[in-house]
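**Student:** how would this look folded up:
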Amino acid sequence: MAMVTMMMSRMMSIPPPSSSSPSLPSSSSSSSSPLATQSLSAPSSKPPTNLPLRTIPGSYGWPVVGPISDRLDYFWFQGQDTFFRSRMEKHKSTVFRTNVPPSFPFFLGVKPNVIAIVDCKSFAHLFDMEIVEKKDILIGDFMPSVKFTGDTRVCAYLDTSEPKHAQLKNFAIDILKQGSKVWVTELVDNLDKFFDTIESEIAKNGSSTYLSHIQNFLFNFLTKSLVGADPAVDPDIANSGAFTLNIWLGLQLLPSTPIGILQPLEEIFLHSYTYPFALISGGYQKLYNFVEEHGKEVIQRGVNEFGLSTSDTIHNLLFVLGFNAYGGFSIFLPTFFGTIAGDKTGLQARLREEVRKVSGSTSTRLSFDSLKDMELVNSVVYETLRLNPPVALQFARARKDFQLTSHDALYDIKKGELFCGYQTLAMRDGKVFDEPETFKPDRFVGNGKELLNYLFWSNGPQTGSPSESNKQCAAKDYVTWSASLILARMFQRYDSISGDSGKITAVEKAK
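**Tutor:** Below you'll find the predicted structure:
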């Protein structure tokens, strides 16, 4: 258990086609969306006729030997980022064949062979549901046991062609729509409690190591918003819910996630086999029982409005809560905080000025609508997501034979081939983004919004809209709105904040 907790801690503290706007929240506190998706043209995956046809470079190597060699490079000798960059440079191509973990010896049913994609233009193919499918490949050819999700394949593992996908995706969208009624209030109230804790620890210890506090904030805020239940009504859940989700996530992701601890122990004990659900079954059942008892309204909607069973409703709700929302925010927010707290360029003063100009008094209640004129705040959120996407790898499988287009070549793809898009590198494509390795807070301000077409952190372009016909994150807009609200509240409350992705060392309260 301690090893899994370490894994989650390492993961969460790592520094570094166009459609209509989504429907807007309708509550009084969050009455409308200021960040309504721009009607911009999304990047096309249709092949132009003036590019040369090229054979995909790279190879999978000898059976067993090739996958093991690539696995050791990926986890040990090179690390994830160098693994992809070095192969791109070696093959002089942003599209190449390689192997990605997990692999031999105890993953005999998993095929590690992939076509890696590391440029922005090729990356767009991963979201064209006419040519790719997403069945059971959320984290690659390896799929954790369905026992972790109540012996059911939740929405994230379904392809859009499967009948149940529409039911579950629309249910997820509805969860967010209903949660929008309290989203801003719960976020700000629980964020203030988080900041109170940080201030107290700084006064006492000189700094605050804040990961556990972020996770408590997230668990409380998200459970109230998505489940409609307050964890405080069950002391056991209030005290252990976040920890349970950490273990539940860790056990599923360990075989494919770099940890960065002492090798070869990591390879021998963490990446060589799957972990059984039995290690967390008791804690997961407590979460299930809590939702069943205290989330009756959302369960009733799942059953009556979307035709789901009670069990399917609860397991999918827990996946949205635990994997998508809690897990994603837990990885993103430490990086986000570190970017702001560690800045030495004067960005904080600019953010503070914009926030207070738009929101007025430091005690003014924020709303989604209040974000519409905070261009710099929103741009900083997008730029952080570009450089440090919460999910580094995106997978898709060819639904049919087709030609994949990069910036400089066409490649013949055969039905059934698996793509692995390394998003961290694709989002640093120098042919799309100026100074791609540099954090530019104004990148998405003004005409820079055109670049939102190429921001793919959400399993689709930022200019897209989640629907039953695609696999884009149902909470795409809620993530960016929430991050902008967190940043706005930070500079309503403080003149400055110092620290990094692991700790806050000082805060200067607003004068």
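
**Student:** make it CA atoms for all contacts and neighbour counts henceforth
**Tutor:** Fine.

**Student:** would you mind finding the longest helix in this protein?
**Tutor:** Longest helix of the chain, by residue count under DSSP state H: helix 163-205.

**Student:** give the bridge partners for Asp412, please.
**Tutor:** Gln403 (DSSP bridges).

**Student:** quick one: contacts for it?
**Tutor:** Each residue near Asp412 by C-alpha atoms under 8 Å, 6 or more residues apart in numbering is listed here: Leu53, Arg54, Thr55, Ile56, Asp401, Phe402, Gln403, Leu404.

**Student:** on that earlier part again, what's the following helix or strand after the longest helix of the chain?
**Tutor:** As assigned by DSSP states H and E, the chain's next helix or strand after helix 163-205 is strand 208-209.

**Student:** same for that next one, what does it pack against?
**Tutor:** helix 163-205, strand 503-509 (3 or more C-alpha pairs under 8 Å, 6 or more residues apart in numbering; DSSP states H and E).

**Student:** now distance to Lys431, mean neighbour count and mean pLDDT too, for these, in TSV please.
**Tutor:** Listed next are the helices and strands packed on strand 208-209 as TSV, based on distance: least, C-alpha to C-alpha, whole Å; neighbours: other C-alpha atoms under 10 Å; pLDDT from 0 to 100:
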stretch	distance to Lys431	mean neighbour count	mean pLDDT
helix 163-205	34	19	97
strand 503-509	35	18	97
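
**Student:** figure out which of the ones you listed is closest to Gly328.
**Tutor:** helix 163-205 (15.5 Å; C-alpha to C-alpha).

**Student:** the residue nearest to Leu218 when sequence neighbours are not counted: what's it in contact with?
**Tutor:** Leaving aside its chain neighbours, Leu218 sits nearest to Tyr326 (6.3 Å; criterion: C-alpha to C-alpha, 6 or more residues apart in numbering). Residues in contact with Tyr326 (C-alpha under 8 Å, 6+ apart) are Gln215, Leu218, Phe219, Leu222.

**Student:** what of Leu410?
**Tutor:** By C-alpha under 8 Å, 6+ apart, the neighbours of Leu410 are Pro47, Leu51, Pro52, Leu53, Arg54, Gln403, Leu404.

**Student:** most surrounded residue in the contacts of Tyr326?
**Tutor:** Neighbour counts for these, by other C-alpha atoms under 10 Å, peak at Phe219, which reaches 27 neighbours.

**Student:** who are the contact partners of that residue?
**Tutor:** Gly241, Ala242, Tyr326.

**Student:** if we use 6 Å, what do you get?
**Tutor:** Ala242 (C-alpha atoms under 6 Å, 6 or more residues apart in numbering).

**Student:** and it, which helix or strand is it part of?
**Tutor:** helix 211-222.

**Student:** specify which member of the contacts of Tyr326 is nearest to His91.
**Tutor:** Using C-alpha to C-alpha, these come closest to His91 at Gln215, 41.3 Å.

**Student:** got TSV for the contacts of Tyr326, with distance to Trp481 and pLDDT too?
**Tutor:** Formatted as TSV, those follow (distance: C-alpha to C-alpha, whole Å; pLDDT from 0 to 100):
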residue	distance to Trp481	pLDDT
Gln215	18	98
Leu218	15	98
Phe219	18	98
Leu222	14	98
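
**Student:** Serialize these to a markdown table and add fields for distance to Lys286.
**Tutor:** A markdown table is the format used below for the contacts of Tyr326 (distance: C-alpha to C-alpha, whole Å):
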| residue | distance to Lys286 |
| --- | --- |
| Gln215 | 18 |
| Leu218 | 18 |
| Phe219 | 15 |
| Leu222 | 17 |
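
**Student:** straight-line length of stretch 150-159, end to end?
**Tutor:** Taking C-alpha to C-alpha, to the nearest Å, the first and last residues of stretch 150-159 lie 19 Å apart.

**Student:** can you list the buried residues in that stretch?
**Tutor:** Gly150, Arg153, Val154, Cys155, Ala156, Tyr157, Leu158, Asp159 (16 or more other C-alpha atoms under 10 Å).

**Student:** which non-adjacent residue is nearest the first one?
**Tutor:** So the one you mean is Gly150. Using C-alpha to C-alpha, 6+ apart, the nearest residue to Gly150 is His315, at 6.3 Å.

**Student:** again, but for the third one
**Tutor:** For Val154, the nearest residue in space outside its immediate sequence neighbours is Asn316; the separation is 5.6 Å by C-alpha to C-alpha, 6+ apart.

**Student:** Lys414 and Asn190: what is the separation?
**Tutor:** 49 Å.
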